[in-house]
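>>> Next input, structure requested:
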Amino acid sequence: MRRAILVILAAIVGIVALFLIVVALQPSEYHVTRTTTIDAAPAVVFAHVNDFHKWDDWSPWAKLDPDVKATYQGPDDGEGAVFRWAGNDKVGEGSMTIVESKPHERIDIELEFIKPMEGKADVDFQFEPQGDQTVVTWGMHGKNDFVGKAFCLFMDMDAMIGGDYEQGLANLKRAVEEAEEAEAKIGGASDSQGDSSKTSDAAGGKVNTEKSNGDDT
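A predicted model of the protein is given here:
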């Protein structure tokens, strides 16, 4: 009986030791990156990301909790802007702070999770011009502690976050391109009105000239 117990304990110790070794061998860092191409200039796309107030138009998590508590601190956009949120289990609680903002080129964000579990990560957006379009790359990078490494055995960050990033970039593409289309229509309507006004003025000038010539006679 005693021998059987010792064998069982030895087996348990061996399994635990093996588990610890496997966990220790997991990557100490994680990287998640997704890219899309948007039909707009870098300056236009940049403006939709550099202002946290505009994230509601495209963030993949914006509609997961209609009752989420959102607060903004610091400047309206750019370096120093802070966005804090607290919501249901789907969105959790945390904050984002823009730590560096290079106009039309790059945005670096410090992301801090509070719930459902604490953690920090570095997020960046890169905007690369490609003709009349912009290639947008959204990335997240962080370090895996022991718990994070253990989590990697069952689900890595790329599998967990990658789909959200793809959805977010698709939303951003739609939001930017729809805004550009609407602006183009408004601009076209304004140009048409301006042309009509010029035509009317020209016609009026011709009539006035003809009347003036009649008076001289």
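>>> so where is this protein shaky, pLDDT-wise?
For the chain, the stretches with pLDDT under 70 are 16, 18-29, 144-155, 187-217.
>>> Mind doing that once more with 80?
Flagging of the chain using pLDDT under 80 yields the residue ranges 1-30, 117, 142-158, 160, 183-217.
>>> Now do the strands in it.
29-38, 69-73, 82-86, 93-102, 106-115, 119-130, 133-143 (DSSP state E).
>>> Present these as JSON lines; the columns should include distance to residue 52 and mean neighbour count.
Where C-beta positions appear, they are placed from N, C-alpha and C, glycine not excepted. Output for the strands of the chain, formatted as JSON lines (distance: least, C-beta to C-beta, whole Å; neighbours: other C-beta atoms under 10 Å):
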{"stretch": "strand 29-38", "distance to residue 52": "19", "mean neighbour count": "16"}
{"stretch": "strand 69-73", "distance to residue 52": "6", "mean neighbour count": "12"}
{"stretch": "strand 82-86", "distance to residue 52": "4", "mean neighbour count": "17"}
{"stretch": "strand 93-102", "distance to residue 52": "7", "mean neighbour count": "17"}
{"stretch": "strand 106-115", "distance to residue 52": "9", "mean neighbour count": "16"}
{"stretch": "strand 119-130", "distance to residue 52": "12", "mean neighbour count": "16"}
{"stretch": "strand 133-143", "distance to residue 52": "15", "mean neighbour count": "18"}
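>>> To residue 156, which of those lies closest?
For the strands of the chain, proximity to residue 156 was assessed by C-beta to C-beta; strand 29-38 is nearest, at 6.9 Å.
>>> quick check: angle from the closest one to strand 119-130?
Interaxial angle of strand 29-38 relative to strand 119-130 (axes from the mean of the first three to the mean of the last three C-alpha atoms, to 10 degrees): 30 degrees.
>>> Many thanks, we can stop here.
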